[in-house]
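**Q** coords please:
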Amino acid sequence: MADYVGAIDQGTTSTRFMIFDHSGNEVGRHQLEHEQILPQAGWVEHNPVEIWERTSAVLQSTLNKTGLSAGDLCALGITNQRETAVVWDRNTGRPYYNAIVWQDTRTDRIASALEREGKGDTIRQKAGLPPATYFSGGKIQWILENVDGVRAAAERGDAIFGNTDTWLIWNLTGGRDGGVHCTDVTNASRTMLMNLETLDWDDELLGFFGIPRQMLPEIKPSSYTSGYGNTRGTGPLAGEVLITGDLGDQQAATVGQVCFAPGEAKNTYGTGNFMLLNTGTELIRSKAGLLSTVCYKFNDEDVVYALEGSIAVTGSAVQWLRDQLGIISGASQSEALARQVEDNGGVYFVPAFSGLFAPYWRSDARGAIVGLSRYNTNAHLARATLEAICYQSRDVIEAMEKDSGVHLEVLKVDGGVTMNELCMQIQSDVLGVDVSRPVVAETTALGAAYAAGLAVGFWKNTDELRQNWNEARHWSPQWSDDQRAEGYAKWKKAVERTLNWVDVD
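**A** Here you go, the predicted structure:
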């Protein structure tokens, strides 16, 4: 068997390819950003063709840098930004429209109409999700209703849909020349179209959105020994590497953090924040504003479920300081700037740029900076931005404890923002629990590699994966209970100021 596993991590702002050895160590990587297309307020798009081109480029560059070839990889895993919808022509391979990104809010009227018509409870019961702009179903409906010719093409079987995992698998396995149209259960569970109990597309849910069933990919396990298909064509992996792992990015990070036991949780800090709590084979229906979702399914084993708290804007709030306000030149500078002050100076920043996700689910909310006085500086705003990341995570943990009865003793963290030492200390202070970061912080790609490697026996079982996990850094709370309570109370007041800003029909 070959010595390595490859993982494509197709994220919201960039695509990377990483190669791992048997110990879970990174052997090589390359990463490229893609354009964020913002046609109007609330709209966020990506060019699917650019994403595919970037994917091919990072594959080639990583192999070049490591001196490896396709034959050195025993399997390939894919992980992806979830809920970002692509609709394309299976005959030409051309997208009918740009990918509509998970952050996009143009479908707010579709979501609110579902609630108004009494369909929301059915969607919650069957799909585990509230009607929201976040998920793929409304995005597909928007494309069918607003892009000329797509509905007719869909009814003919020519127009097909996928999240970005499906788009990449289809292209990797041949594209127009026999590309495989499939997804895994974790991605399918983010559409509002899959029944969590049957693990299949649900005709009643499809009817709510007017989506022809033939548009949808076949649903497969997340780790699949038979594979989704071999890499083909003339690209860098034309050596027939079997694709055997496919997970939405947050489920992949849960696998990468080896949260295989019920009650184990992780929080990923990326463009947004995403906390998942493994609930085992029990499907827990949230009463506190969380999502019931699929955690993973390995081959023929029982599906494992999770509770998830999704936060739309965390790391991207730091990008906003850089790109829109220009008060920092790079994301890493946010820590140095925030360290110039001892506290937030009374400033609270709620970055509800595209509404509030868990546990509020308020598409009418918009961002607000409150508590400003002439005393405040850009350093206070930088610190308030880091605190916003941490307070939003506390909102989710409070909801998770209500639903599950599990009190977290230690929070496992991963993702790019965890390199910000001050932010992680604030997270420990805000929560009042220890925070732990593993040696391999990019657990999303690692989880995809684990799923792929388990499928082909590169790793024998999950116990072997647990042995690979090692802690790199640990933070313990330094705030007093009074500090913690006062800060959180003011945060909740700030959240209230963001509500009812946008009129939603």
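
**Q** For the rest of this, base every contact and every neighbour count on C-alpha atoms.
**A** Will do.

**Q** In the protein, where is pLDDT below threshold?
**A** When residues are selected by pLDDT under 70, those of the chain lie in 233-234, 239, 504-505.

**Q** farthest residue from the center of it?
**A** What lies farthest from the middle of the chain is residue 374; by C-alpha atoms, centre = their mean that is 38.0 Å.

**Q** mind checking how far it is from residue 327?
**A** Separation of residue 374 from residue 327 (C-alpha to C-alpha, to the nearest Å): 17 Å.

**Q** what's the answer for residue 231, then?
**A** Distance of residue 231 to residue 327, computed by C-alpha to C-alpha: 44 Å.

**Q** Looking at these two, which one has more neighbours?
**A** residue 231 (24 against 17; other C-alpha atoms under 10 Å).

**Q** In this structure that one contacts residue 179, no?
**A** No. Counting by C-alpha atoms under 8 Å, residue 231 does not reach residue 179; the two are 9.6 Å apart.

**Q** Which neighbours do these two have in common?
**A** Contact criterion C-alpha atoms under 8 Å, 6 or more residues apart in numbering; residues shared by residue 231 and residue 179: 172, 173.

**Q** pretty sure residue 428 is in a helix, no?
**A** Yes. Counting by DSSP: H, G, I helix; E, B strand; the rest coil, residue 428 is found in a helix.

**Q** going forward, begin numbering at 509 instead of 1
**A** OK, 509 is where the count begins now, so the last one is residue 936.

**Q** which non-adjacent residue is nearest it?
**A** Nearest residue to residue 936, sequence neighbours excluded (C-alpha to C-alpha, 6 or more residues apart in numbering): residue 985, at 4.9 Å.

**Q** three-state assignment of the one you found?
**A** Following three-state DSSP, the label given to residue 985 is coil.

**Q** isn't it right next to residue 944, touching?
**A** No. Contact criterion C-alpha under 8 Å: residue 985 and residue 944 do not qualify, at 12.0 Å.

**Q** Those two - which one has more neighbours?
**A** Neighbour tally, residue 985 and residue 944, criterion other C-alpha under 10 Å: the higher count belongs to residue 944, 22 against 18.

**Q** Listing partners with orientation, what would you give for the helix or strand that contains that one?
**A** For residue 944, the element it lies in under DSSP states H and E is strand 942-946. With DSSP bridges as the test, strand 942-946 is paired with strand 918-922 (parallel), strand 979-983 (antiparallel).

**Q** helix, strand or coil for the residue farthest from the centre of the chain?
**A** Three-state assignment for residue 882 (three-state DSSP): coil.

**Q** Could you give the separation of the longest helix belonging to the chain from the chain centroid?
**A** Looking across the chain with DSSP state H, the single longest helix is helix 886-912. From the chain centre to the centre of helix 886-912 is a distance of 18 Å (C-alpha atoms, centre = their mean, to the nearest Å).

**Q** which parts of it are buried?
**A** For helix 886-912, a neighbour-count test (16 or more other C-alpha atoms under 10 Å) marks 887-905, 907-908, 911-912 as buried.

**Q** contacting residues around residue 650?
**A** Residue 650 makes contact with residue 615, according to C-alpha under 8 Å, 6+ apart.

**Q** Repeat that for residue 830.
**A** Applying C-alpha under 8 Å, 6+ apart, the residues near residue 830 are 836, 837, 838, 839.

**Q** Only alpha carbons, please: show stretch 810-822 as CSV.
**A** Extracted C-alpha coordinates of stretch 810-822, given in CSV (Å, rounded to 0.1, in the frame of the first residue of the first chain):
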residue,chain,number,x,y,z
ASP,A,810,-24.8,2.9,11.7
VAL,A,811,-25.0,6.6,11.0
VAL,A,812,-23.7,8.9,13.8
TYR,A,813,-25.6,12.1,14.5
ALA,A,814,-24.5,15.4,16.0
LEU,A,815,-25.9,18.7,17.4
GLU,A,816,-24.4,21.7,15.7
GLY,A,817,-24.2,25.3,16.4
SER,A,818,-23.3,27.3,13.3
ILE,A,819,-22.1,30.9,13.5
ALA,A,820,-21.9,32.9,10.3
VAL,A,821,-19.2,35.5,10.9
THR,A,822,-16.1,35.0,13.1
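
**Q** Please give the centre-to-centre distance between that stretch and its chain.
**A** For stretch 810-822, the distance to the chain centre is 9 Å (C-alpha atoms, centre = their mean).

**Q** Whatever helix or strand comes next after the strand holding residue 944 to strand 918-922, inter-axis angle?
**A** Next along the chain after strand 942-946, taking DSSP H and E as the criterion, comes helix 951-963. Computed by axes from the mean of the first three to the mean of the last three C-alpha atoms, to 10 degrees, the angle separating helix 951-963 from strand 918-922 equals 90 degrees.

**Q** Measure how far helix 951-963 is from the centre of its chain, please.
**A** The chain centroid and the centroid of helix 951-963 are separated by 15 Å, computed with C-alpha atoms, centre = their mean.

**Q** pull the CA atoms of whichever helix or strand comes after it into PDB?
**A** Per DSSP H and E, the first helix or strand lying C-terminal to helix 951-963 is helix 970-974. In PDB, the C-alpha atoms belonging to helix 970-974 read as follows (Å, rounded to 0.1, in the frame of the first residue of the first chain):
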ATOM      1  CA  THR A 970     -10.700   4.900  15.100                       C
ATOM      2  CA  ASP A 971      -8.600   3.800  18.000                       C
ATOM      3  CA  GLU A 972      -5.600   4.100  15.800                       C
ATOM      4  CA  LEU A 973      -6.600   7.600  14.900                       C
ATOM      5  CA  ARG A 974      -7.000   8.600  18.600                       C
END
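
**Q** contacting residues around helix 970-974?
**A** By C-alpha under 8 Å, 6+ apart, helix 970-974 touches 766, 768, 958, 967.

**Q** And for stretch 769-788?
**A** With contact meaning C-alpha under 8 Å, 6+ apart, stretch 769-788 is reached by 520-521, 758-759, 761-762, 765, 767-768, 803, 812-824, 897, 901, 904, 908, 914, 919-926.

**Q** Looking at those, which are in strands?
**A** Secondary structure of these is defined by DSSP state E; positions in strands are 803, 812-819, 919-922.

**Q** Which two of those have the greatest separation?
**A** With C-alpha to C-alpha as the measure, no two of the ones in strands among the contacts of stretch 769-788 lie farther apart than 812 and 819, at 22.1 Å.
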